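no FASTA, just this:
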């Protein structure tokens with residue numbers, strides 16, 4: 001029985017081995033599959049060299065070109081004026097921005113004027129006797145003197161003797177002390193130097209202000225400047241008077257400015273140079289953040305493409321007879337998204353979009369846009 005089972009198992013194994021070997025032989029004789037070669041379709045641009053402006057992108061905050069910080073040079077109580085001394089209040093040129101109580105100072109000034117008048121009156125008898133030819137001009141000066149008006153200028157001195165006499169009596173000293181007090185009296189009333197608006201108010205009427213105390217800030221809202229930092233390597237390209245395009249962060253509004261000034265000093269730590277752009281527009285406000293596009297110069301016979309098309313930041317794919325060719329290029333200027341290139345001949349077919357897995361010598365087909 002065992003012998004029969006062994007013979008039967010051997011026959012089965014031989015039959016299985018025969019079938020497996022036959023299957024391998026059949027598979028070996030099958031023809032290999034033929035795969036169709038895939039040719040990628042690419043979009044191209046035809047090179048046309050022209051003048052390309054080099055645009056430097058930078059940013060900064062707006063600051064009023066005409067701005068004053070208001071400090072007091074005198075002491076006193078702030079008085080109410082026709083308009084409230086508060087941020088946002090506008091004033092015309094010459095209008096009173098604030099008034100400080102000057103009653104005590106004014107009384108002292110009037111006392112000094114009266115004393116000055118008495119000094120001149122006291123020398124009139126001596127002038128009549130010693131300088132009779134000069135008496136009439138001093139008499140006219142006294143007649144024109146009004147204690148409630150500005151002190152008139154002293155009459156001209158015609159001789160050395162008269163000069164010594166007038167100086168010896170202390171008239172010159174008294175006169176200039178008086179004029180100094182009159183100038184100081186004008187500082188109790190602050191007038192607007194130009195049409196503007198109060199952007200900061202640190203005191204209210206009834207407050208005692210002291211010498212040197214900051215009271216607020218006043219600006220002209222019609223003209224603004226923006227300070228921007230430009231890489232020092234482009235300093236020679238910046239020109240005063242160049243037009244500048246500015247826009248907000250959302251790029252919903254655009255303004256036109258002009259390069260007003262360029263600093264002559266390079267920042268040692270950042271190697272940048274400051275440029276100041278002047279811009280005017282009713283929508284602009286102090287402190288607004290804007291981006292600026294400065295046209296430094298124009299590069300002749302050049303093209304501008306996306307930086308994404310560059311390979312290793314130094315090469316570029318072109319199409320020649322349906323074959324990709326990787327060439328070296330002359331890079332002139334980089335921006336955040338664009339690059340300016342020179343040295344590519346007009347009519348060259350340039351890839352307009354990147355191709356995944358592209359390589360030198362790759363066969364491609366140019367996309368033909370249908371009308």
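Now that the structure is in, tell me what you want to look at. These numbers were taken from a predicted model, which means no experiment stands behind them. Numbering: from 1, shown residues only.

so how far is stretch 350-361 off the chain centroid?
Its chain's C-alpha centre and that of stretch 350-361 lie 40 Å apart, by CA atoms, centre = their mean, to the nearest Å.

mind listing what's buried in that stretch?
In terms of neighbour count (16 or more other CB atoms under 10 Å), stretch 350-361 has its buried residues at 350-351. For every residue, glycine as well, the C-beta is placed using N, CA and C.

For it, what does the pLDDT average out to?
What stretch 350-361 shows for mean pLDDT is 83.

Stretch 303-313 now?
Mean pLDDT, computed over stretch 303-313, is 86.

Enumerate the positions of that stretch that are buried.
The neighbour-count check on stretch 303-313 (16+ other CB under 10 Å) flags 303-305, 309-310 as buried.

So what's the gap between stretch 357-371 and the chain middle?
Taking CA atoms, centre = their mean, one finds stretch 357-371 lying 45 Å from the centre of the chain it belongs to.

oh, I was asking about stretch 169-188
Relative to its chain's centre, stretch 169-188 lies at 44 Å (CA atoms, centre = their mean).

Likewise for stretch 224-239?
Distance, stretch centre to chain centre, for stretch 224-239: 10 Å (CA atoms, centre = their mean).

what about it, start to end distance?
End-to-end span of stretch 224-239 (CA to CA, to the nearest Å): 19 Å.

go on, stretch 79-94?
Counting by CA to CA, you get 18 Å between the two ends of stretch 79-94.

How about that stretch, which residues are buried there?
Across stretch 79-94, burial judged by 16+ other CB under 10 Å covers 81, 85, 89, 91.

Report the contact partners of the closest residue in space to residue 137 that isn't next to it in sequence.
Closest residue in space to residue 137, ignoring its immediate chain neighbours: residue 155 at 4.5 Å, by CB to CB, 6 or more residues apart in numbering. Neighbour list for residue 155: 137-138, 140-141 [criterion: CB atoms under 8 Å, 6 or more residues apart in numbering].

swap in residue 113?
147, 151, 178.

what about it, helix or strand, and which?
Element membership of residue 113 [criterion: DSSP states H and E] is helix 103-130.

average pLDDT across that helix?
91.

cool, stretch 146-157 as well?
Taken as a whole, stretch 146-157 has an average pLDDT of 90.

how about stretch 109-121: buried residues?
Buried residues in stretch 109-121 (16+ other CB under 10 Å): 109, 112-113, 116-117, 120.

correction: stretch 194-209
Buried residues in stretch 194-209, counted by 16+ other CB under 10 Å: 196-199, 201, 203, 209.

Among the buried residues of stretch 303-313, pick out the one closest to residue 222, please.
Using CB to CB, residue 304 comes nearest to residue 222 of the buried residues of stretch 303-313, at 36.3 Å.

helix/strand/coil for the closest one?
Recorded secondary structure, residue 304: strand (DSSP: H, G, I helix; E, B strand; the rest coil).

And this protein, split by domain according to the record?
Using automatic domain parsing, the domain ranges for the chain come out as 42-52+300-366, 67-101+188-219, 104-186.
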